[in-house]
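Novice: heads up, no residue letters with this:
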């Protein structure tokens, strides 16, 4: 198994990407193909004899910058580190690709070059939400700002496969994000999606509210990419504000200041749960290959997590399972 | 000035509502009209000589239950505590109404009996978000699950008046909730609303992201009622989960356990900020009168806050200012 890594994508590329790949190399059996400017990557990897055997370099002269529009980033540019990495999956040489670079360009490249799984109209970003009771999945986290009900149904099907074969959740419960528990509550989109999801053979639990995202009632939460993005960023924002205020409370109270180091480390772990970049498992579901969308600010630790998660998703045959579900659907409808 | 209170509405009515009115009576100059079953209210208020002079009872024999559909709650039922309270504003006897009862029924009653402000197509729920840098306003928090761009523009106009005349924010900054800072980011609704808001003479700051709700860049955040409801409940949910985990961390660490009482009280205050029921200022904007939509689980403290906030909004002539803005708009467009 090979995992392609866009070594030039991300705010801290290539240094942190290379460092992350090195960390991952010790923990995965997969071959890691670092794609990017070979002279820089060679220098970062150092002495060839001291490198992990499962790291290789694939040269790419061009780099897509974070601020470029996806259009400009793709047109006639075959030799970007991102395109070379995606092409490794498209050609069958690799099973998974990881990029922390320009996410709009990355998603467009994956859809164009790897192609969509037959029957999937809209690929979606699935994000794992770690909670005290185990992980949840939310999708779409931002690939599709405007959705139709059938897109949300497809997200439910793909999300259930993700939960089962990448997170190991047995018979995952699927819910649709809405504004009340009753079937009659919601907007036009969520109510129509409810009807469609209820007709599938998913373990559909109905509506889930904004306050229940981190509660233990549902494993896969489906919504459009606008709501998904807003709610994920809001979770991070709220966690950050609380952290800031707790720090303030701790530094202004003499008694609390005594235990401040212990308190801080306890809180840091809690707040990290709401940083969806931490997990490394944001997947673009619906394309023909495991495609991990890293946060722009990914550090070595995040890249390591992403590579490990990619290996897990490949080993779980996630793409094959999604393809099968959509093929069965097509057969049933024919 | 008179403020009508639906004494029978809410999970803890009438006991907590009456207790809250008593608390408020000492702090407001307004006359408080408790609407509901007079025998029960008389009993709760106790000795007539020991009552605050600014509390009165308006008898209503019927009660709308929390679970009733708004349709069933309104049809041919003129003598519910909620209808009697709303009618006090409709008839001009009161300037504001507070209800913690069935919110669907309450919003429908306000729109039907008090009428909408001329030019307002969709009343919206505005919710104050207390932050360390002062309050923000978010609207719509759930009155309209599906919106058109012009509704969001109107929410911006009403929200700015709310910020200025009920919260005292000078020249409030208005933003539209979206999924990226750039004008080109968003869904069809948010992008069209952006264009319309930019054409007003509001202090429009453009897109605001989910992570910036509690940051200091914007005073009035506009969105549809679906997104608004999801994001508010998510904020409460995240704060609750963090609180629970901190409690766990505190009880399992012997050193932290020593300072547990101090820590808990510090945290309780922080988490309360994300409980939008705490503030008492969720207003149905766009109807002809100050209409405060209380949380179903309002206790005496929440009702006291709601009555105080109602007095503030009336004193600030919020409704008059909104009417003026929409009249000017109509004149400019004519």
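Specialist: Ah, there it is. Just so it is clear, the structure is predicted and the values come from calculations on it, not from any experiment.
Novice: contacts only, for residue A:281.
Specialist: Going by CB atoms under 8 Å, 6 or more residues apart in numbering or on different chains, residue A:281 touches A:127, A:128, A:166, A:292, A:305, A:306, A:309, A:313. C-beta: built from backbone N, CA, C; applies to glycine.
Novice: 6 Å instead?
Specialist: By CB atoms under 6 Å, 6 or more residues apart in numbering or on different chains, residue A:281 lies in contact with A:128, A:309.
Novice: where does residue A:291 land in three-state SS?
Specialist: Following DSSP: H, G, I helix; E, B strand; the rest coil, the label given to residue A:291 is strand.
Novice: residues touching it, list them.
Specialist: A:97, A:110, A:284.
Novice: now it: how far from chain B?
Specialist: Separation of residue A:291 from chain B (CB to the nearest CB, to the nearest Å) stands at 20 Å.
Novice: give the closest residue to that residue in space, chain neighbours not counted.
Specialist: On the basis of CB to CB, 6 or more residues apart in numbering or on different chains, the spatially nearest residue to residue A:291 that is not a chain neighbour turns out to be residue A:284, at 4.2 Å.
Novice: ok, back up a step: by neighbours, which of the contacts of residue A:291 wins?
Specialist: residue A:97 (33 neighbours; other CB atoms under 10 Å in any protein chain shown).
Novice: shouldn't that one be in contact with residue A:85?
Specialist: Yes. Taking contacts as CB atoms under 6 Å, residue A:97 lies within contact range of residue A:85: 5.0 Å.
Novice: shared neighbours of those two, anything?
Specialist: residue A:4.
Novice: residue A:155 and residue A:223 touch, don't they?
Specialist: No. Between residue A:155 and residue A:223 there is no contact under CB under 6 Å: 8.0 Å.
Novice: more neighbours, the two?
Specialist: Using other CB under 10 Å as the criterion, residue A:155 and residue A:223 rank with residue A:155 on top: 37 against 31.
Novice: how about the contacts made by the more buried one?
Specialist: Residues near residue A:155 by CB under 6 Å, 6+ apart: A:124, A:139, A:140, A:222.
Novice: closest to chain B among those residues?
Specialist: residue A:140 (11.0 Å; CB to the nearest CB).
Novice: need the contact list for that closest one.
Specialist: Here residue A:140 is in contact with A:124, A:125, A:155, A:225, A:228 (CB under 6 Å, 6+ apart).
Novice: what does residue A:25 give?
Specialist: Taking CB under 6 Å, 6+ apart as the test, what residue A:25 contacts is A:32, A:52, A:54, A:55.
Novice: residues from chain A in reach of chain B?
Specialist: A:145-146, A:179, A:187-188, A:209-211, A:213-214, A:226-227, A:229-231, A:233-238, A:241-242, A:245, A:249, A:255-256, A:259, A:262, A:266, A:270 (CB under 6 Å from any CB of the partner chain).
Novice: what's the ChimeraX syntax to select whichever of those residues are buried?
Specialist: For the buried members of the residues of chain A next to chain B, the matching ChimeraX selection, counting by 16 or more other CB atoms under 10 Å in any protein chain shown, is:
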select /A:145,179,187,209,210,211,213,214,226,227,229,230,231,233,234,235,236,237,238,241,242,245,249,256,259,262,266,270
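Novice: avg pLDDT for the lengthiest helix in chain A?
Specialist: What stands out as the longest helix in chain A, according to DSSP state H, is helix A:225-252. Across helix A:225-252, pLDDT averages out at 88.
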